[in-house]
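Engineer: sequence first, then the predicted structure:
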Amino acid sequence: MHALFDRNWKGLGIDLSPVSLPHAVRMFSCVGCFWVLLSSALVAICSFSFISPAWVVKDHLKNKDSVSFGLLWHCSESLDHMYKCYTFGGLGKFQEIPSSSWQTSAVLCSGGCALLAVSSLLAIITIFLPGGACERRICTLAGYMQMAAVFIMASGLLVYPIGLNSNLVKSFCGDSDIYYAGECQIGWGYMLAIVGVMLTLFLPFFAKYAPKEQLSPTPLPTLL
């Protein structure tokens, strides 16, 4: 019966032998989606830590106000819990940041965050691209940008403690010096920035495996 059926179809010029269709491509890659989510989260962490005023903090001590310093902000809290924050020199007066090392750190950290944000945007774009050479090139470019962002931001974090010997910090933290905060201590903003940079180290690795995989060809009858 099956042989008769096959002969009938062959008589009509139809070949039922399986052939391979062009490779079907997955719409999403699990590694790619995780890479995009982690990249976006680290951009948020980087930006939040960058504007945080809690890189160096001093709690209430001997009936004195608590103070905190960030890259761009100086905040104080009085004993009656009145919290006030000020920018260093105001907007447009970057040169009035109290230490040249803090100015360098601000440039490096902001540049690293901007580079990380651009790479995150490229990662999002790859979700909507079909698998292929173009997608792989964009993933590779984003991975290199993220690696560069790691080194730039890490350099900014290493430079920042050099500014602890500035006159402004010494007026609040006592006998502070390079890499020594005196009566102050490292705040959560600086620690958050360190954690963000450490996690960013993994992004280039995920970028390598982010491109979508190709499915195995599916057999399907074809008409001749």
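Structural biologist: The structure has been received and is ready for your questions.
Engineer: nearest spatial neighbour of residue 212, chain-adjacent residues omitted?
Structural biologist: residue 131 (3.7 Å; Cβ to Cβ, 6 or more residues apart in numbering). In short, each C-beta sits where N, CA and C put it, glycine included.
Engineer: and residue 160, how many neighbours?
Structural biologist: Here the count is done by other Cβ atoms under 10 Å, and residue 160 has 26 residues near it.
Engineer: quick check, it in a strand?
Structural biologist: No - counting by DSSP: H, G, I helix; E, B strand; the rest coil, residue 160 is not found in a strand; it is helix.
Engineer: the closest residue to it other than its chain neighbours: how many residues sit nearby?
Structural biologist: Computed as Cβ to Cβ, 6+ apart, the closest residue to residue 160 that is not its neighbour in sequence is residue 105, at 4.1 Å. A count of neighbours around residue 105, defined by other Cβ under 10 Å, yields 24.
Engineer: tell me how far residue 105 lies from residue 128.
Structural biologist: 36 Å (Cβ to Cβ, to the nearest Å).
Engineer: likewise for residue 51?
Structural biologist: 30 Å.
Engineer: for residue 113, same thing?
Structural biologist: Taken as Cβ to Cβ, the span from residue 113 to residue 128 is 24 Å.
Engineer: next, the residue nearest to residue 212: phi, psi?
Structural biologist: With angles defined as degrees, to the nearest 10, residue 131 sits at phi -60, psi 140.
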